[in-house]
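Enquirer: predicted model, plus sequence, below.
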Amino acid sequence: MGLSLLTDIVAILGAAVVVAFVFARLKLPVIVGLFVAGMAIGPDGLGLVSDAHELEAAAEIGVVLLLFAIGIEFSLRELVSIKDIVLVGGSLQIGLTALAGFAVSMALGRTMTEAVFLGFLMALSSTAIVLKTLQQRAEIDAPHGRGALGVLIFQDIMVVPLTLLVPLLAGDVAMSGSPLTLITKIVGVVIAVVVGARWVVPWILREVARLGSPEVFLIAVLVIGLGVAAAAGHIGLSMALGAFVAGLVISESEYAHQVLGNVLPFRDVLLSFFFVSVGMLLDVSFLADNWWILLLAAPVVMFGKTLLATVAILVLRYPLRTALLTGLSLAQVGEFAFVLAAVGAQSGVLVDEVRQGFLAVSVLSMAATPFLIAYKDKIAEMVLRLPIPQVVRQGGRAETEAHATPLRDHLVIIGFGLNGRNLARAAAGAKIPYAIIELNPRSVSSAQQAGEPMYFGDATSEAVLEKIGVPYARVVAVVISDPVATRRIVALVRRLCPDAYLITRTRYVSEVPLLMELGASEVVPEEFETAVEIFTSTLQQYLVPLAEIEQAAADIRADGYGFLRLPPDEARPWRKIESALPGVEVSTLQVSAGVEAVDRTLVELDLRRRHGVTLLALSRRGDLIPNPVGETRFEEGDVVVLLGQSEDVVRARTLFAPCAGGADIC
């Protein structure tokens, strides 16, 4: 049994890769390719999958994770803001569509029971396909995206009472549930959401995040998401609705972005099982025998659903364009209708022939959805050219883009150490919009309380970078201390936003060429930037003109700190400074055994007064000591950097090394 299931999974994933690759090369929606893959390997195709029912669990988990991710990206506040769409728009859409489906079914000679059931089936749209497609097009926060989401939420809620309605239609009153029980369950869910969002889930995620273990954090996230979905299923509610509720709860915490980055890879893989399994449902022979009827019925159903959903949104006084784009997004028949159809077939409400026709029309409408959404703007433009009354065009409210447009031309700060704090403070002072990504939960919590626009997340996750608005940023500053993570972040940022000015810090100058190759616009290595700051401060003490100092420092930075990385015998570190400042010499010396400086302090040597030179820096066993204090005691093997007039530096060399004329390093 285990080997058979593994073989089926390999067959599905293999077919999905091949067909999706072909469709992607042809510039066609990959979702449609997954439908085709399901038809090809299903029982009516090549028969590569022995038992499609074994894979239903994986497909259902994919839908659950999709709704979980949508809930995380949404929030309770946003849900409240579209309550009119959820309640009024959703009710109107289901009511009008069910009534139209009932009328058409009666006209086609179906029984009243079957006509009522078909009307409700036609009213449901595909949450998985619509939200997945809108996400790919970054339209989930657009006005029409929010409208589609609101209606889909109501549809998912209505799946439960519609399921309870099936036994009533079949004449089995005993099997139907009590309305009071249903209301009690819904009230219980609302209370659980409020309690979980305010206290339980934030506390759990905070404690898990403090462990610093990505594995434990991921497990906790999956337990919360899948656990709430399973609990909803056990009390008779939709598992997908439960997952959406779990996502809403997590969206209220500071860990929402990191959770989203963890969930997306699982969601995308398992969701592909759903799309393939939908393709398997289609009876290819039935499609071949009735192709002309089905090809006519599918567009009629999609046109009717678009029209009625548009009317439902127009009633809410939204502009015609928003209403029409929402209606076009909801034109298909959805996956939960398949579940209801199976229940109806088992109860005898739906005969097999009608069920096969319904499935075929549904799959065709779902396959057409990515194309319809891709061209919905052009369709809306064509409709708006018609002589339509102005009051219908404009609706009763202005179409706001506040939720549709993320931050643009903003600064993204990755890391909130000393550099990140200073940069955020400077951005706030200059009135530059900015957002911060940080992985330390304590820093996130305290900064958010202080009003900082900070989000918890791992910036090596593409999903986290997208959520924070990196594709629309003008400047991205990577100021973390992990060199491996820095390289990955630089590559991801450059791929997401080719035009952003990407500046990053690194502790090691050896990282500069690689980071520049990965796409960094500017790299600041701490090792040599510290040296530059030290020598500029020192030169100011020698009354060197500030303009010359700044030009010398700019030359060093413009060169990518290249000459600083060369060995002393190839290029003296401060040669450019010396040429710009005649008579000033910077010399690097290694302290030898038996010389005067060994075991003496800087104060005791009195370099500046007795010898006219200044100690810029000291390196001891690989550690740089910039601007050493007077109590610093010299040791054998130390490397010192001296600055002064050429003749003074030559005389002072004998304190550190018994070297002959003019060598920079002894």
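Expert: Done, it's in. Being a predicted model, the structure only gives us computed values, none of them experimental.
Enquirer: so residue 304 versus residue 331, what's the distance?
Expert: 9 Å (Cβ to Cβ, to the nearest Å). All C-beta spots, glycine's among them, are computed from the backbone N, C-alpha and C.
Enquirer: in terms of neighbours, single out the busier of the two.
Expert: residue 331 (28 against 17; other Cβ atoms under 10 Å).
Enquirer: name the nearest residue to that one, sequence neighbours excluded.
Expert: In space, and not counting its chain neighbours, residue 331 is closest to residue 302: 4.1 Å by Cβ to Cβ, 6 or more residues apart in numbering.
Enquirer: could you dump stretch 449-460 to PDB, C-alpha only?
Expert: The C-alpha coordinates for stretch 449-460 follow below in PDB (Å, rounded to 0.1, in the frame of the first residue of the first chain):
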ATOM      1  CA  GLN A 449       5.500  49.000  21.100                       C
ATOM      2  CA  ALA A 450       7.700  52.100  20.400                       C
ATOM      3  CA  GLY A 451       5.800  52.600  17.100                       C
ATOM      4  CA  GLU A 452       8.500  51.300  14.800                       C
ATOM      5  CA  PRO A 453       7.200  49.700  11.500                       C
ATOM      6  CA  MET A 454       9.000  46.400  12.300                       C
ATOM      7  CA  TYR A 455       8.100  42.900  11.300                       C
ATOM      8  CA  PHE A 456       9.300  39.600  12.500                       C
ATOM      9  CA  GLY A 457      10.700  37.400   9.700                       C
ATOM     10  CA  ASP A 458      13.600  35.700   8.100                       C
ATOM     11  CA  ALA A 459      14.800  37.900   5.300                       C
ATOM     12  CA  THR A 460      16.300  34.900   3.500                       C
END
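Enquirer: which parts of that stretch are buried?
Expert: Across stretch 449-460, burial judged by 16 or more other Cβ atoms under 10 Å covers 452, 453, 454, 455, 456, 457, 458, 459, 460.
Enquirer: same question for stretch 485-496.
Expert: 485, 486, 487, 489, 490, 491, 492, 493, 494, 496.
Enquirer: you'd agree the second one is in a strand?
Expert: No - under the criterion used here (DSSP: H, G, I helix; E, B strand; the rest coil), residue 486 is helix, not part of a strand.
Enquirer: mind listing what it touches?
Expert: Each residue near residue 486 by Cβ atoms under 8 Å, 6 or more residues apart in numbering is listed here: 478, 480, 504, 506, 511, 515.
Enquirer: lowest average confidence, helix or strand, in this structure?
Expert: Lowest on mean pLDDT, DSSP states H and E among the helices and strands of the chain sits helix 575-580, with a mean of 50.
Enquirer: could I get the average pLDDT for the helix or strand following that helix?
Expert: Per DSSP states H and E, the first helix or strand lying C-terminal to helix 575-580 is strand 584-590. The pLDDT scores in strand 584-590 average 76.
Enquirer: ok, for the most centrally placed residue in the chain, nearest residue in space, not its chain neighbours?
Expert: The centroid of the chain falls nearest to residue 463 when counting by Cα atoms, centre = their mean (2.1 Å). The shortest distance from residue 463 to any non-neighbouring residue, by Cβ to Cβ, 6+ apart, is to residue 261 (4.3 Å).
Enquirer: do you know how far that neighbour is from residue 492?
Expert: Residue 261 is 11 Å from residue 492, by Cβ to Cβ.
Enquirer: doesn't residue 12 belong to a helix?
Expert: Yes - assignment of residue 12 by three-state DSSP places it within a helix.
Enquirer: surely it and residue 274 touch.
Expert: No - Residue 12 is beyond contact range of residue 274, at 10.7 Å (criterion: Cβ atoms under 8 Å).
Enquirer: what about residue 280, neighbour count?
Expert: 24.
Enquirer: next up, the contacts around it.
Expert: Here residue 280 is in contact with 38, 39, 41, 42, 43, 49, 52 (Cβ under 8 Å, 6+ apart).
Enquirer: what about the fourth one, how many neighbours?
Expert: Just to be clear, that refers to residue 42. 23.
Enquirer: quick one, phi/psi of it?
Expert: Main-chain torsions, residue 42, degrees, to the nearest 10: phi -70, psi -180.
Enquirer: relative to residue 121, how far out is it?
Expert: 22 Å.
Enquirer: state the helix or strand in which the closest residue to residue 36 other than its chain neighbours lies.
Expert: Among residues not flanking residue 36 along the chain, residue 19 sits closest, at 5.4 Å (Cβ to Cβ, 6+ apart). When elements are assigned from DSSP H and E, residue 19 belongs to helix 2-25.
Enquirer: now the helices for the stretch 351-500 of the chain?
Expert: 352-374, 376-384, 390-394, 418-429, 441-449, 462-467, 483-496 (DSSP state H, counting those that start in this stretch).
Enquirer: would you list those in CSV and tack on distance to residue 600?
Expert: Below are the helices of the stretch 351-500 of the chain laid out as CSV (distance: least, Cβ to Cβ, whole Å):
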stretch, distance to residue 600
helix 352-374, 78
helix 376-384, 79
helix 390-394, 85
helix 418-429, 34
helix 441-449, 44
helix 462-467, 54
helix 483-496, 38
